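Visitor: any chance you could fold what I've pasted below:
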Amino acid sequence: MSVLRLMNSGGDKSTRWDQRRAAGGDPEAKAAVEEAERLFEAARASGAAAFRVRPGEPAERIDRFDPEAEQIIVVPQIVGG
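Guide: Numbers count the residues shown, from 1 in each chain. Next up, the predicted model:
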């Protein structure tokens, strides 16, 4: 099971999907992957940074949605003042 976590001022919103089921043609799983990608792209378009997180490894910044990632964390652009 994979998860996209979108950070915001209220905490975070999680979207989960099962890439194996999606690859197998499960319509519900494919829809979940498409929704996660849509949310990822919308956040990136608004200036958010995205990171693929793997246990025991440093986070890796990514510019494209990776449906096979175990966990993606999206952090909104921070504006100083």
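
Visitor: output the longest helix belonging to this protein.
Guide: helix 27-45 (DSSP state H).

Visitor: next SSE after that helix?
Guide: strand 49-53 (DSSP states H and E).

Visitor: which other residues reach that next one?
Guide: Defining contact as C-beta atoms under 8 Å, 6 or more residues apart in numbering, one finds that strand 49-53 is touched by 40, 43-44, 59-63, 65-66, 69-75, 77. Every C-beta, even on glycine, is put in place using the N, C-alpha and C of the backbone.

Visitor: could you redo the last one with a cut-off of 6 Å?
Guide: With C-beta atoms under 6 Å, 6 or more residues apart in numbering as the test, strand 49-53 has contacts from 59-62, 69, 71-75.

Visitor: looking at the residues you listed, point me to the pair that's furthest apart.
Guide: Farthest-apart pair in the contacts of strand 49-53 is Ala69 and Val75; separation 15.2 Å (C-beta to C-beta).

Visitor: of these two, which one has the most company?
Guide: Ala69 (20 against 15; other C-beta atoms under 10 Å).

Visitor: in terms of pLDDT, where does that one sit?
Guide: We have a pLDDT of 96 for Ala69.

Visitor: try the one 10 residues further on
Guide: Val79 is assigned a pLDDT of 74 by the prediction.

Visitor: and for Gly11?
Guide: pLDDT, Gly11: 85.

Visitor: one more: Ile62?
Guide: Looking at Ile62, the pLDDT reads 98.
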